[in-house]
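Chemist: I'll drop the sequence and a predicted model, then ask my questions.
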Amino acid sequence: MTYLFVACGGAIGACLRFSLTELMASLLGRAFPYGTLSVNLLGSLIMGLMIGAVQQGYIEAQPWRPLIMVGLLGALTTFSSFSLDTLVLLQQGAWLKGALNVLLNVTLCLGLTWLGMQWMINRG
């Protein structure tokens, strides 16, 4: 049953990733990997909210951890795409954009994970 939860979450996450990436490209263009950044930020916030909710006892780890944290967020967040986007920017000589992509993804994703976790911990 756990594998079914992971698979269902993964299917939803993959569809969300595609949709959000395309939306961001249509809104902001493709000169910078806004879609990858957006899904990484959203996934980080959701991860923080989920782990905070589990730690505080608002939700049970099963089935939410395999469904959301492993399946959905595993498919939604895009570290491999982030790595490729950054490498392509660097290969194109866009050093500033490449560095900005690394800085934004790492600092903002860590910050949003922490924020989501703190929000769930302090909500009661």
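Modeler: Nice, I can see it.
Chemist: Please verify my assumption that residue 116 contacts residue 49.
Modeler: Yes: the criterion here is CB atoms under 8 Å, and residue 116 meets it with residue 49 at 4.0 Å. All C-beta spots, glycine's among them, are computed from the backbone N, C-alpha and C.
Chemist: Can you tell me the SS state at residue 81?
Modeler: When classified by DSSP: H, G, I helix; E, B strand; the rest coil, residue 81 comes out as helix.
Chemist: Show the pLDDT at it.
Modeler: At residue 81, the pLDDT value in this model is 84.
Chemist: what's it in contact with, if anything?
Modeler: If a contact means CB atoms under 8 Å, 6 or more residues apart in numbering, then residue 81 has 33, 36 as its contacts.
Chemist: What's the separation between it and residue 105?
Modeler: 10 Å (CB to CB, to the nearest Å).
Chemist: what's the overlap in contacts for these two?
Modeler: Between them, residue 81 and residue 105 share these contacting residues under CB under 8 Å, 6+ apart: residue 36.
Chemist: What pLDDT is listed against residue 78?
Modeler: 82.
Chemist: Could you do residue 17 as well?
Modeler: pLDDT at residue 17 comes out at 96.
Chemist: Kindly report the same for residue 70.
Modeler: 93.
Chemist: Please name the residues that touch it.
Modeler: Applying CB under 8 Å, 6+ apart, the residues near residue 70 are 6, 9.
Chemist: That one and residue 39, how far apart?
Modeler: Distance from residue 70 to residue 39, by CB to CB: 16 Å.
Chemist: again with residue 94
Modeler: 21 Å.
Chemist: try residue 9
Modeler: Here residue 9 is placed at a distance of 15 Å from residue 39 (CB to CB).
Chemist: I appreciate the help and will end here.
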